[in-house]
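A.B. asks: Output the structure for:
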Amino acid sequence: MHLFQLLTIAITALAATFHLAAASPAPKPNPERITVSLLRPDDYNLRRRITLQTECQKLDYSNKHEFPQGIEGADIPDGYRCRFWRSDACNGGGTGDLKNTRTLGARLFVPAFRGIMLNSFKCYRGD
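C.D. replies: Numbers count the residues shown, from 1 in each chain. Predicted structure coming up:
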């Protein structure tokens, strides 16, 4: 092989390597996912990272560590709201929307739905 052919092969291989590296960028955080915390009356706190509008979250009441007597409140990121249902499929008669409140910049749990058996929830973007 001539030097020119070897150089051409080396440059082609190097270009292909850079092309592959450029074609597969590092994954970015999904902006459609948020973390929601639910509070039980005895101060037990459950945090879930959920997909907005598409993911129905079931609350497992068979597990004594979750919510056998409903939720005391929810910590929901600013700009989002959540709705709760008695069904375990996020359908039928749901609650009104619940969103977080702030007092002097401090995040608070919002008392809501205490003692009501709620079995699922979804969250949405919107004020």
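A.B. asks: all helices for this structure, in order.
C.D. replies: 3-23 (DSSP state H).
A.B. asks: So, low pLDDT: which residues of it?
C.D. replies: Low-confidence segments of the chain (pLDDT under 70): 1-31, 61-70, 101-115, 127.
A.B. asks: Recalculate using a threshold of 50.
C.D. replies: Along the chain, the model assigns pLDDT under 50 to residues 7, 14-23, 103-106.
A.B. asks: Specify the beta-bridge partners of residue 49.
C.D. replies: Counting by DSSP bridges, residue 49 is bridged to residue 35.
A.B. asks: That one and residue 32: what is the separation?
C.D. replies: As judged by Cβ to Cβ, to the nearest Å, residue 49 and residue 32 stand 11 Å apart. For glycine as for every other residue, the C-beta is placed from the backbone atoms N, C-alpha and C.
A.B. asks: Next: residue 126.
C.D. replies: Counting by Cβ to Cβ - residue 126 and residue 32 are separated by 13 Å.
A.B. asks: How about residue 51?
C.D. replies: 6 Å.
A.B. asks: Show the residue spans covered by the strands in the protein.
C.D. replies: Along the chain, the segments classed as strands by DSSP state E run 33-39, 45-51, 57-58, 73-75, 80-85, 101-103, 106-108, 120-125.
A.B. asks: Switch these over to a markdown table; also include distance to residue 95 and mean neighbour count.
C.D. replies: A markdown table is the format used below for the strands of the chain (distance: least, Cβ to Cβ, whole Å; neighbours: other Cβ atoms under 10 Å):
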| stretch | distance to residue 95 | mean neighbour count |
| --- | --- | --- |
| strand 33-39 | 13 | 18 |
| strand 45-51 | 17 | 13 |
| strand 57-58 | 14 | 17 |
| strand 73-75 | 11 | 20 |
| strand 80-85 | 5 | 20 |
| strand 101-103 | 16 | 10 |
| strand 106-108 | 19 | 10 |
| strand 120-125 | 9 | 19 |
